[in-house]
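Enquirer: The amino acid sequence is not available; the structure is as follows:
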């Protein structure tokens, strides 16, 4: 470590001890690896690959420009979250922030929402990897049962890697991010060159409504244009995952907030360039819009089948990195809540293996959740999990912003740490308005009812355990370990 990293690590460890925790997790993540955690979770290639078809069918090619609006709004949210991350470098992120700055009961709600969002995310990403990347790559016919079996194998492999070493997770994640950056940039340049040489494709695609031309209710609330925002909303999320790994970062006061904001900005810019290149390169809008994998179809048309297969390999690797990061951050949330005795089977879930310095039982739990979801949910419900996760993330981000506005005046300021200064209030208010808009956009379509009911069901399931704590273990929801005022001034 550099001298700066050593000082940051020592200061973070001291605050961990002041909060009543013995530092058990190994600090192995450098600045780029922390950035890679958030960027891999976002995964531009994965997000666009999985949702570009929805944009073409709901809004037409012109719908890509909603990406810009979503990027600006999500950057505002990231700036607020970075303010917390710069001051409270503990595993559990939002759970810890709410527990220590509001009260443990509010913190528990934040923690449960985050756990549900991340646990669903692992299954969603890995199932999409199986059906959209691995099966086409190996020439396998679409089959739900096969996709589920592949999903479980992938989750198990990811869990083994997460358990084995945080450093290994960081290296694999960094490799996935590096490959994704190179592939997306190379593909974008390749598409621009191919269109320029062949003349097939059109800049006019950027303003075309495609197959939605003349569709009724296109501009209505919950209509086609608004629905196209799902690409940005489902992709530019999870940037706060770096905060969940704060106790494993070498200098969390600097690296974590920079990773949160930097990952959103980098993903937004890279994603927009890729979307513009893809859209200009469309030769036949109706045919591509009818494809289940329009990104692969465009690359095959313009660059040939070899490039298409290369894309599938890169996408599979990006999917794997995103799923692994999601699993790792989810296990840290389980660990954080368990060491405060606020999660089911907490005595087991808070154990850290002394050799690997990773929470093995908490990681295995995520695998078990994946097995259960694969076994009990029908195919249609699996497809709904993406929207469910988007709903939960919107609620959670909005709640974090409300919390920040409520406690910002008594937050401690750390020298050299990320700080918005005099811009914090206008940024926070703008982010709150944006979060309200996001929630409205997500829940307004009639098709969102099922996703909302699933989200409510997950909240009620957690509510049963919360009621158990209130009745039989109320003391764990009344007090915080360590110094309650360590992050206040």
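Expert: Cool, got the structure. As the structure is a prediction and not an experimental result, all values here were calculated from the model. Numbering: from 1, shown residues only.
Enquirer: shaky segments in the protein?
Expert: Within the chain, the segments meeting pLDDT under 70 span 1-9, 380-383, 414-417, 482-489.
Enquirer: Start from the N-terminal end of it and give the strands.
Expert: Taking DSSP state E, the chain contains no strands at all.
Enquirer: Pick out the residue closest to the middle of it.
Expert: Of all residues in the chain, the one closest to the mean position by CA atoms, centre = their mean is residue 238, 2.4 Å from it.
Enquirer: got a list of what that residue touches?
Expert: Shown in contact with residue 238 (CB atoms under 8 Å, 6 or more residues apart in numbering): 38, 41-42, 121, 326, 393. C-beta here means a position set from N, CA and C on the backbone, and glycine is covered the same way.
Enquirer: Check residue 55 too.
Expert: Contacts of residue 55 (CB under 8 Å, 6+ apart): 61, 63-64, 228, 230-231.
Enquirer: got those residues as a markdown table, with distance to residue 244 and neighbour count columns?
Expert: Shown next, in a markdown table, are the contacts of residue 55 (distance: CB to CB, whole Å; neighbours: other CB atoms under 10 Å):
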| residue | distance to residue 244 | neighbour count |
| --- | --- | --- |
| 61 | 36 | 28 |
| 63 | 32 | 28 |
| 64 | 31 | 25 |
| 228 | 30 | 27 |
| 230 | 24 | 23 |
| 231 | 25 | 26 |
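Enquirer: Now render these as CSV, adding distance to residue 284.
Expert: Listed next are the contacts of residue 55 as CSV, based on distance: CB to CB, whole Å:
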residue, distance to residue 284
61, 12
63, 18
64, 17
228, 20
230, 24
231, 21
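Enquirer: Return the member of the residues you listed nearest to residue 313.
Expert: Closest approach to residue 313 among the contacts of residue 55 (CB to CB): residue 231, at 22.8 Å.
Enquirer: With adjacent residues omitted, what lies nearest to that closest one?
Expert: residue 51 (4.1 Å; CB to CB, 6 or more residues apart in numbering).
Enquirer: ok, back up a step: most neighbours among the contacts of residue 238, which one?
Expert: Greatest neighbour count in the contacts of residue 238, by other CB atoms under 10 Å, goes to residue 38: 31 neighbours.
Enquirer: so that residue sits right up against residue 237, yeah?
Expert: No: using CB atoms under 8 Å, residue 38 is not in contact with residue 237, being 10.3 Å away.
Enquirer: contacting residues around residue 92?
Expert: Each residue near residue 92 by CB under 8 Å, 6+ apart is listed here: 111, 244, 332-333, 335-337.
Enquirer: Of those residues - the most surrounded one?
Expert: That'd be residue 244 among the contacts of residue 92, by other CB under 10 Å, with 32 neighbours.
Enquirer: Of the contacts of residue 238, which belong to helices?
Expert: Within those, residues falling in helices by DSSP state H are 38, 41-42, 121, 326, 393.
Enquirer: Is it possible to get TSV of those that adds distance to residue 32?
Expert: Output for the ones in helices among the contacts of residue 238, formatted as TSV (distance: CB to CB, whole Å):
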residue	distance to residue 32
38	11
41	15
42	15
121	23
326	19
393	25
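Enquirer: which of the residues you listed lies closest to residue 263?
Expert: Lowest distance from residue 263 to the ones in helices among the contacts of residue 238 (CB to CB) belongs to residue 38, with 3.7 Å.
Enquirer: what's near enough to touch that closest one?
Expert: By CB under 8 Å, 6+ apart, the contact set of residue 38 is 238-242, 259-260, 262-264.
Enquirer: Quick check: closest non-adjacent residue to it.
Expert: That would be residue 263: by CB to CB, 6+ apart, it lies 3.7 Å from residue 38.
Enquirer: unless I'm mixing things up, the one you found is touching residue 34, no?
Expert: No: Residue 263 is beyond contact range of residue 34, at 9.4 Å (criterion: CB under 8 Å).
Enquirer: gap between the closest residue to residue 189 other than its chain neighbours and residue 162?
Expert: If the residues on either side of it in the chain are set aside, residue 189 comes closest to residue 277, at 7.9 Å by CB to CB, 6+ apart. Residue 277 sits 34 Å away from residue 162, going by CB to CB, to the nearest Å.
Enquirer: more crowded one of these two?
Expert: Each of residue 277 and residue 162 has its neighbours counted (other CB under 10 Å); residue 162 has more, 29 against 23.
Enquirer: what sits against that one?
Expert: Residue 162 is in contact with 169, 324, 327-328, 331, 358, 363, counting by CB under 8 Å, 6+ apart.
Enquirer: And residue 89, by the same measure?
Expert: Going by CB under 8 Å, 6+ apart, residue 89 touches 12, 15-16, 243, 246-247, 249, 252-253, 256.
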